[in-house]
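Student: my questions are about this predicted structure, shown below with the sequence.
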Amino acid sequence: MQVSLTDTGGLNRRLEVAVPATEVTREVQQRLKQLSRTARLKGFRPGKAPLGVITKQFGEQVRSEVVNDLMRSSFAQAVTQENLRPAAGPRIEPITLEPESDLKYAAHFEVLPDVTLNPVEGLAIEKPVAAVNDVDVDAMIENMRVQRPIYTAVERPSHDTDRVVFDYQVLVGGKMIEDGDVKNAQVVLGARQTMPELEEGLRGVSAGEERTVTAVFPANHPNKTVAGQPADLRLSIKAVEEHSLPAVDEEFFRAYGVEKGGLEEMRTEVRKSMERELAGAVRNRVRVQVMDALFTANPLDVPRAMVDEQVQRLQLDTARRMGVQDLSRLPPPENFVEPARRRVALGLLISQIVQANSMQVERERVQERLNELIESYPDPEQARRAYLQNQDAMRGIESGALEEQVIDWVFSGAQVTEKASTFKELTGFGQGGAAGYDPEHGHTHDHGPGA
């Protein structure tokens with residue numbers, strides 16, 4: 001086998017390979033002989049057809065298979081021979097495929113870049129330092145009250161913060177649509193839970209009142225009959241309910257899983273949950289800074305094929321989060337090129353750190369990450385078994401654990417300074433971040449007003 005390597009610029013390579021015609025012929029003949037032992041042809045007993053007949057019947061097909069297989073195997077051998085590390089599969093350009101001639105082709109591909117890390121001692125990382133104080137706990141408990149509002153029926157017109165309970169019918173062109181009769185709908189005024197026209201139409205209503213509101217349904221509404229269309233909504237108001245917050249009493253404590261110990265125990269549990277969330281926020285801030293510092297300090301020329309693959313993943317992930325199922329409506333790829341390039345570069349840098357330091361994933365970290373994942377399931381042990389039986393899922397968990405080890409390694413060698421911060425600053429509490437306490441799973445989260 002003859003091999004000729006050409007650097008075509010950047011990470012691009014052209015590998016020209018020639019496989020001797022004798023090798024191609026020998027492989028074709030061997031396969032035809034094997035085929036003759038099992039082939040079933042009309043007029044011959046199984047395995048008794050003459051080789052000439054087999055060759056005439058299957059020769060072209062067998063040769064095509066042999067050529068494809070030899071291209072794959074010879075490319076792998078050539079890559080090893082030239083000490084190359086392809087970033088992705090090659091684009092094959094046939095040169096000579098004629099029988100009785102050497103098999104010649106050119107493979108065009110990108111190679112992985114040589115990664116040389118700059119010393120981590122030169123990286124500057126700022127670690128936020130904060131503590132959960134009594135004021136933070138008070139604010140969280142107040143927020144927990146907001147998460148469990150009490151609604152009491154009132155005999156007056158509705159206004160913001162009230163909850164309106166109503167039935168309605170949807171009419172398009174004066175005719176009620178299929179499934180357009182809805183009972184016991186609920187809207188909290190001022191919470192922007194529904195179409196602006198409907199919310200405005202519910203202001204100032206009283207129980208027993210009827211009213212018709214015209215509204216334009218969103219273009220992405222699941223009911224295609226009304227999607228993007230103006231429609232009349234005939235409202236029948238059943239109740240106007242005034243909003244108030246629950247008292248901080250035994251009933252309130254039990255609602256959050258605190259059966260004994262009253263307010264003191266409640267504050268203790270809330271503080272523990274907030275401290276866990278704060279620790280996670282600090283870890284995330286450090287992680288982002290480590291990744292930013294690695295990326296900035298170690299510029300890489302990354303393979304376009306790997307960037308394109310990451311662009312597709314980011315497109316699909318974004319579409320999935322947006323609920324887009326039609327692949328023709330994926331966000332434009334150019335929006336993701338730079339994030340994809342960053343992902344690829346960081347992946348190569350992390351791999352280099354792992355390899356250079358002979359890192360092995362720590363099983364304790366894997367168990368910790370698995371425990372965090374399963375704690376939100378109704379049956380954590382059943383979820384644990386499901387994860388353990390899913391190799392792809394476990395590989396993802398192990399990859400995350402190994403990344404944590406890399407971050408710790410970089411952090412331990414970098415120039416770290418501490419910066420005073422607060423729970424609110426680090427978690428976004430009160431700004432769309434943590435906004436409620438979940439006693440079952442031991443963490444805070446945002447339930448959304450009026451939920």
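Tutor: That came through, no problem. Numbers count the residues shown, from 1 in each chain.
Student: quick one, helices of the protein?
Tutor: 21-36, 51-81, 134-147, 196-202, 250-255, 262-297, 304-322, 337-356, 363-374, 380-388, 391-413, 423-427 (DSSP state H).
Student: for Ser421, list the residues it contacts.
Tutor: Pro128, Val129, Ala130 (Cβ atoms under 8 Å, 6 or more residues apart in numbering). From N, CA and C alone the C-beta is placed, and that goes for glycine too.
Student: return the member of these nearest to Val324.
Tutor: Pro128 (35.8 Å; Cβ to Cβ).
Student: Ile92 reaches Met71, doesn't it?
Tutor: Yes - Ile92 is within contact range of Met71, at 6.1 Å (criterion: Cβ atoms under 8 Å).
Student: ok, the closest residue to Lys33 other than its chain neighbours - contacts?
Tutor: Nearest residue to Lys33, sequence neighbours excluded (Cβ to Cβ, 6 or more residues apart in numbering): Leu51, at 6.8 Å. Shown in contact with Leu51 (Cβ under 8 Å, 6+ apart): Leu32, Lys33, Ser36.
Student: same deal with Thr422?
Tutor: Ala130, Asp136.
Student: repeat the analysis, applying 6 Å as the threshold.
Tutor: Ala130 (Cβ atoms under 6 Å, 6 or more residues apart in numbering).
Student: list phi and psi for it.
Tutor: phi -130, psi 160 (degrees, to the nearest 10).
Student: follow-up on the earlier one: out of the helices of the chain, flag the one nearest Gly190.
Tutor: Using Cβ to Cβ, those put helix 196-202 closest to Gly190, at 8.0 Å.
Student: ok, the contacts of Leu51 vs Ser64, which is closest?
Tutor: Distances from Ser64 to these, taken by Cβ to Cβ, are shortest for Leu32, at 12.8 Å.
Student: how about the contacts made by that closest one?
Tutor: Ile54, Thr55, Val62.
Student: so what's Asp446 scoring on pLDDT?
Tutor: Per-residue pLDDT puts Asp446 at 36.
Student: please report how far Glu265 lies from Leu349.
Tutor: 47 Å (Cβ to Cβ, to the nearest Å).
Student: sorry, back to before: for the helices of the chain, which one sits closest to Leu117?
Tutor: helix 337-356 (6.0 Å).
Student: from the contacts of Ser421, which land in strands?
Tutor: Among these, the subset assigned to strands under DSSP state E consists of Pro128, Val129.
Student: ok, so of the contacts of Ser421, who is nearest Arg211?
Tutor: The closest of those, once distances to Arg211 are taken by Cβ to Cβ, is Ala130, at 50.2 Å.
Student: measure the residue nearest to that closest one when sequence neighbours are not counted to Arg85 for me?
Tutor: Spatial nearest neighbour of Ala130, chain neighbours left out: Ser421 (4.4 Å); criterion: Cβ to Cβ, 6+ apart. Between Ser421 and Arg85 the computed distance is 43 Å (Cβ to Cβ).
Student: so for the residue most central in space within the chain, what's the pLDDT?
Tutor: In the chain, the C-alpha nearest the mean C-alpha coordinate belongs to Asp317, at 5.2 Å (Cα atoms, centre = their mean). Among the per-residue scores, Asp317 shows a pLDDT of 89.
Student: quick one: it and Arg343, what's the gap?
Tutor: From Asp317 over to Arg343 (counting by Cβ to Cβ), the distance is 11 Å.
Student: Glu27 too?
Tutor: Counting by Cβ to Cβ, the gap from Glu27 to Arg343 is 41 Å.
Student: who touches both of Ile92 and Met71?
Tutor: Tyr105.
Student: neighbour count: the two, which is higher?
Tutor: Met71 (19 against 16; other Cβ atoms under 10 Å).
Student: for that one, what are its contacts?
Tutor: Neighbouring residues of Met71 by Cβ under 6 Å, 6+ apart: Tyr105.
Student: do that again at 7 Å, thanks
Tutor: Going by Cβ atoms under 7 Å, 6 or more residues apart in numbering, Met71 touches Ile92, Tyr105.
Student: these two touch, right, Gly201 and Val213?
Tutor: Yes - if you go by Cβ atoms under 7 Å, Gly201 and Val213 touch, sitting 3.4 Å apart.
Student: what do the two both touch?
Tutor: Leu235.
Student: excluding its backbone neighbours, what's nearest Gly228?
Tutor: Gly228's closest residue in space is Ala219 (Cβ to Cβ, 6+ apart), at 4.0 Å.
Student: burial measure for the one you found, as a count.
Tutor: 8.
Student: if I look at it, how far off is Val226?
Tutor: 10 Å.
Student: with Leu314 instead?
Tutor: From Leu314 to Val226 the distance is 33 Å (Cβ to Cβ).
Student: hmm, back to that, more crowded one of Gly201 and Val213?
Tutor: Shown here are Gly201 and Val213; by other Cβ under 10 Å, Gly201 has more neighbours (20 against 17).
Student: OK, contacts around that one?
Tutor: Gly201 neighbours (Cβ under 7 Å, 6+ apart): Arg211, Val213, Leu235.
Student: got those as CSV, with pLDDT and distance to Met1 columns?
Tutor: CSV is the format used below for the contacts of Gly201 (pLDDT from 0 to 100; distance: Cβ to Cβ, whole Å):
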residue, pLDDT, distance to Met1
Arg211, 94, 84
Val213, 94, 78
Leu235, 96, 80
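Student: what's the closest of the residues you listed to Ala124?
Tutor: Closest to Ala124, out of all of the contacts of Gly201 and judged by Cβ to Cβ, is Val213, at 57.6 Å.
Student: what bridges to that closest one?
Tutor: Residues in a beta bridge with Val213, per DSSP bridges, are Leu233.
Student: so it touches Leu235, yeah?
Tutor: Yes - counting by Cβ under 7 Å, Val213 touches Leu235, with 6.3 Å between them.
Student: how near is Arg148 to Arg321?
Tutor: Counting by Cβ to Cβ, the gap from Arg148 to Arg321 is 28 Å.
Student: more neighbours: these two, which one.
Tutor: The neighbour count for Arg148 versus Arg321, taken as other Cβ under 10 Å, is higher for Arg148 (14 against 8).
Student: nearest residue to that one in space, please, no chain neighbours.
Tutor: Arg148 sits nearest to Pro246 (Cβ to Cβ, 6+ apart), 5.6 Å away.
Student: ok, now Gly190?
Tutor: In space, Gly190 is closest to Asp160, 3.6 Å off (Cβ to Cβ, 6+ apart).
Student: and the gap between that neighbour and Gly204?
Tutor: For Asp160, the distance to Gly204 - Cβ to Cβ - is 11 Å.
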